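[1] Provided below are the primary sequence and the corresponding predicted coordinates.
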Amino acid sequence: MAEAPLLEVKNLQVQFKTADGVVNAVNNVSFSVNRGETLGIVGESGSGKSVTSLSIMRLIPSPPGKIAGGQILFDGDNLVDFSESEMRKIRGNRISMIFQDPMTSLNPVLRIGKQMTESLQLHMGMTAKQARNRAIDLLSMVGIPAPDKRLDDFPHQFSGGMRQRVMIAMGLACNPELLIADEPTTALDVTIQAQILELLNRLKNETGTAIIFITHDLGVVAGMTDRVIVMYAGRVVEQASTNELFRNPRMPYTIGLLDSIPRLDGIQTRLTPIPGLPPDLLEKTNRCPFAPRCDFVQEQCWIETPSLRQVAPDHTAACLFDIDRDQRQVMAEKKIAEEQAVLDAALEDVLAHEQAS
Amino acid sequence: MAVQNENLLDINGLKMHFPVKSNGLLRRTVGAVKAVDGLSFSVKRGETLGLVGESGCGKSTTGRAILQLHRPTAGTVNFDGKELTKLNGESLRQMRRKVQIIFQDPYASLNPRMTVGDIVGEPIRVHNLRTGKEVRTRVEELLRVVGLNPYFINRYPHEFSGGQRQRIGIARALAVEPDFIVCDEPVSALDVSIQAQIINLLQDLQGQFGLTYLFIAHNLSVVKHISDRVAVMYLGKMVELAPSKQLYANPMHPYTQALLSAVPIPDPEVEKQRQRIILQGDVPSPLNPPSGCHFHTRCPIVIDKCKAEDPPFQDYGGGHFVACWRATESQAQMEKKLQ
Ligand SMILES: Nc1ncnc2c1ncn2[C@@H]1O[C@H](COP(=O)(O)OP(=O)(O)O)[C@@H](O)[C@H]1O
Ligand SMILES: Nc1ncnc2c1ncn2[C@@H]1O[C@H](COP(=O)(O)OP(=O)(O)O)[C@@H](O)[C@H]1O
Ligand code: SF4
Ligand code: SF4
Ligand SMILES: [Mg+2]
Ligand SMILES: [Mg+2]
């Protein structure tokens, strides 16, 4: 029998009360993470990636937010039922998190050394001396030169890339079973991103920590993850192994994303964008959330919210129909021709007007 | 309109240094940020020249110095036969009609208290391109051209999404019928599905109006996709410039090689095979750039000469410019390093 997953999120529901109404930020989200595995979460901004990960850490600001339903089973325990003091034993210890902007989680007026040793003393019961030695080891593990000296520096004395290294060192300090990395390289330049990704890959192999890697960059997902879930409008719309997802995307949104990005090694002359905008999360509807932008939309899509269903072995997608990438290409070409005709007409107007004046 | 053989823009020895003042009462100048430190290149009529490099390398400053939004410290900027660095007052204002800029953050660049109609209409009025009712008709046309419903003419910027705001910014730039547009990270703040919409729009507009673009971005995949030629900057200098395909197939500067190898490719099977050149350390400060070749502190194949002498930006054939002492052997040397 397969080992039970380390983390199992079941039917998670997260809402925010706002002046405009209730925002359904996360809707019926289910997924699991196995020990030692790297799970990618991709999706555009506002799709619910951060809210999902903050829910696992039980860090949703409340009010206005609340976990309105579902379970978060971590090693068998439902974290949704945990008290704040129980969560404090988990956070930074068995599950830790790194963010896009390290400055939000570092205290600007405390020396790095102090910030690192505090949690080591708290969670690992180390003496001040032991904690300092461990902090030095950790900093050198993440590639910070002269770590014994750097411990006495303040966060602002580190560059963006170096700060993210410090965050990773702190995240791994207590040998967590799960590390959640929320867009850890989004703010970094590409050569610094490459340094950090290499570091995370090396540490993953050395420590066996499971990772949830959140990003909107499909290239990063391709290189970093074993399995992927795609989120759209607060829902999981596709789930598969990374190889399978890229080879055989089956949800029109995922297909649309892959067709939207130019590839460095590619030769596309024209991209195929997804028309329109993501939906408003205020309204509660029973249609497919992607229906207004989908090339394949049919009547049924407006009255039924598709749930994830198996479309291939270990591959689920939330679409009512069997659609693949080739079909979309044909569809998209037709659409582009139509849009081009509209654009041409508009331009003719302009030119006619210019000639007249 | 295809790329023409004639240069619309000719830049020679362009420098933009920002003085750094002391904190004391006298505020003496104690140094300079060499944001742009001697660029020479040209842009052909109808061409898209891509400009890439990491944050702080001087891309935006280059764009602004060309448009005279910063007055260059040194060098010449010849646009369509006119020397822009010498223009002032009314002649500068006239020229501004021909060169426009689109910014990364459509939020910050659109006045929140003006309606879309006023934002797009203002340059038309300022330059007396239309009067009275004609202004509104023209604004409506422009909105349609950039894919916005003219029905939204009385709305305010905050009522639009990021991608729609970028369309408004593009409509405003087009309003004065420019020849040349500096696109400064126009899609960097947008989600990927929206990025593709804007990239396609920019390509369409270029075809229809014969526009010339300087396309600035840090995303190399996007730049390669949209550009005819690509220039790579590092610490205020241009280190390589070549036709897009050439640059990607045969990068000759070690920094370009590292940059290209760092870009993730959305294909797990390709990613598994790739060998990355991981550069050590961070980019040095432009306040005090390294001697000789600015890249020498991070270059995997640095030799003594690089620390002492600045390599010239030189054509290695077919308009493939490189500033590296080891340009012709760099690929082989980097390969050796990787093993
Ligand atoms: N504190 C909050 N108050 C109100 N809405 C919020 C709050 N935090 C997140 N949301 C909403 O939840 C949705 C999902 O946000 P998020 O998880 O941050 O997206 P992502 O990380 O995928 O970009 C968004 O629509 C956002 O507006
Ligand atoms: N107005 C200014 N005053 C002083 N320094 C500036 C100014 N504008 C830019 N710089 C500096 O010039 C360098 C290049 O900046 P910039 O052109 O914005 O880079 P990029 O667009 O490539 O990220 C940076 O070090 C930046 O801090
Ligand atoms: S269910 Fe319908 S609208 Fe939704 S993705 Fe599938 S085809 Fe498109
Ligand atoms: S000149 Fe020297 S230091 Fe500079 S890129 Fe070439 S080999 Fe490297
Ligand atoms: Mg987020
Ligand atoms: Mg810039």
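    Great, that's in hand. Residues are numbered from 1 along each chain as shown, chains lettered A, B, ... in the order given. Ligands and ions are numbered 1, 2, ... in the order given.

[2] contacting residues around residue A:121?
    Residue A:121 is in contact with A:127-128, A:131, counting by C-beta atoms under 8 Å, 6 or more residues apart in numbering or on different chains. (C-beta placed from N, C-alpha, C; glycine too.)

[3] switch the cut-off to 6 Å
    For residue A:121, the contact set (C-beta atoms under 6 Å, 6 or more residues apart in numbering or on different chains) comprises residue A:131.

[4] Neighbours of the residue nearest to residue B:270 when sequence neighbours are not counted, how many?
    Once flanking residues are discounted, residue B:270 sits nearest to residue A:265: 6.7 Å by C-beta to C-beta, 6 or more residues apart in numbering or on different chains. When neighbours are counted by other C-beta atoms under 10 Å in any protein chain shown, residue A:265 registers 14.

[5] and residue B:314, how far is that from chain A?
    In this view, residue B:314 and chain A are 24 Å apart by C-beta to the nearest C-beta, to the nearest Å.

[6] hmm, I was thinking of residue B:265
    Counting by C-beta to the nearest C-beta, the gap from residue B:265 to chain A is 5 Å.

[7] any idea how far that residue is from ligand 2?
    As judged by C-beta to the nearest ligand atom, to the nearest Å, residue B:265 and ligand 2 stand 24 Å apart.

[8] where along chain B do the helices fall?
    With DSSP state H as the criterion, chain B has helices at B:59-66, B:89-96, B:106-109, B:116-126, B:133-145, B:162-174, B:192-209, B:220-226, B:244-249, B:254-262, B:268-273, B:304-308, B:330-338.

[9] Looking at those, spot the one closest to ligand 4.
    Among these, the nearest to ligand 4 by C-beta to the nearest ligand atom is helix B:304-308 (3.0 Å).

[10] near ligand 4, anything from the closest one?
    Yes: judged by C-beta under 6 Å from any ligand atom, helix B:304-308 comes into contact with ligand 4 through residue B:306.

[11] re the thing from before, so can I have JSON lines of the helices of chain B showing mean pLDDT and distance to residue A:120?
    Shown next, in JSON lines, are the helices of chain B (pLDDT from 0 to 100; distance: least, C-beta to C-beta, whole Å):
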{"stretch": "helix B:59-66", "mean pLDDT": "97", "distance to residue A:120": "42"}
{"stretch": "helix B:89-96", "mean pLDDT": "89", "distance to residue A:120": "59"}
{"stretch": "helix B:106-109", "mean pLDDT": "77", "distance to residue A:120": "42"}
{"stretch": "helix B:116-126", "mean pLDDT": "94", "distance to residue A:120": "54"}
{"stretch": "helix B:133-145", "mean pLDDT": "93", "distance to residue A:120": "59"}
{"stretch": "helix B:162-174", "mean pLDDT": "92", "distance to residue A:120": "42"}
{"stretch": "helix B:192-209", "mean pLDDT": "92", "distance to residue A:120": "39"}
{"stretch": "helix B:220-226", "mean pLDDT": "95", "distance to residue A:120": "40"}
{"stretch": "helix B:244-249", "mean pLDDT": "95", "distance to residue A:120": "46"}
{"stretch": "helix B:254-262", "mean pLDDT": "96", "distance to residue A:120": "33"}
{"stretch": "helix B:268-273", "mean pLDDT": "94", "distance to residue A:120": "35"}
{"stretch": "helix B:304-308", "mean pLDDT": "97", "distance to residue A:120": "42"}
{"stretch": "helix B:330-338", "mean pLDDT": "91", "distance to residue A:120": "37"}
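
[12] Minimum distance to residue B:47: which of these has it?
    Among those, helix B:192-209 comes nearest to residue B:47, with 9.3 Å by C-beta to C-beta.

[13] Is that closest one in proximity to ligand 3?
    No: judged by C-beta under 6 Å from any ligand atom, helix B:192-209 stays clear of ligand 3, getting no closer than 13.8 Å.

[14] Contacts made by that helix with the rest, please.
    Outside helix B:192-209, the residues that touch it by C-beta under 6 Å, 6+ apart are A:260-261, A:271, A:273-274, A:347, B:163, B:166, B:187, B:226.

[15] Just give me the closest of the residues you listed to residue A:88.
    Taking C-beta to C-beta as the measure, residue A:88 lies nearest residue A:261 of the contacts of helix B:192-209, at 40.5 Å.

[16] If we ignore the residues flanking it in sequence, what's nearest the closest one?
    Among residues not flanking residue A:261 along the chain, residue B:192 sits closest, at 5.5 Å (C-beta to C-beta, 6+ apart).

[17] how many neighbours does the residue of the stretch 1-150 of chain B found nearest ligand 3 have?
    For the stretch 1-150 of chain B and ligand 3, the shortest gap (C-beta to the nearest ligand atom) falls at residue B:147, measuring 22.1 Å. Residue B:147: 21 surrounding residues under other C-beta under 10 Å.

[18] List the residues that contact residue A:166.
    residue A:112.

[19] To which secondary structure element is it assigned?
    Element membership for residue A:166 (DSSP states H and E) is helix A:160-172.

[20] likewise residue A:29?
    Under the criterion of DSSP H and E, residue A:29 resides in strand A:21-33.

[21] Of all the residues in that strand, which ones are buried?
    A:23-33 (16 or more other C-beta atoms under 10 Å in any protein chain shown).

[22] Of those, which is the nearest to residue A:143?
    Nearest to residue A:143 among these: residue A:33, at 26.3 Å, using C-beta to C-beta.

[23] what sits against residue 289?
    In the absence of a named chain, chain A is used. A:233, A:279.

[24] sorry, should have said chain B
    Counting by C-beta under 6 Å, 6+ apart, residue B:289 makes contact with residue B:235.

[25] all strands for the stretch 201-350 of chain A, in order.
    A:210-215, A:227-232, A:235-241, A:309-312, A:315-317 (DSSP state E, counting those that start in this stretch).

[26] Off-centre distance for the second one?
    Right, strand A:227-232. Relative to its chain's centre, strand A:227-232 lies at 8 Å (C-alpha atoms, centre = their mean, to the nearest Å).

[27] just checking, what packs against that strand?
    Applying 3 or more C-beta pairs under 6 Å, 6 or more residues apart in numbering or on different chains; DSSP states H and E, one finds that strand A:227-232 contacts strand A:38-42, strand A:235-241.
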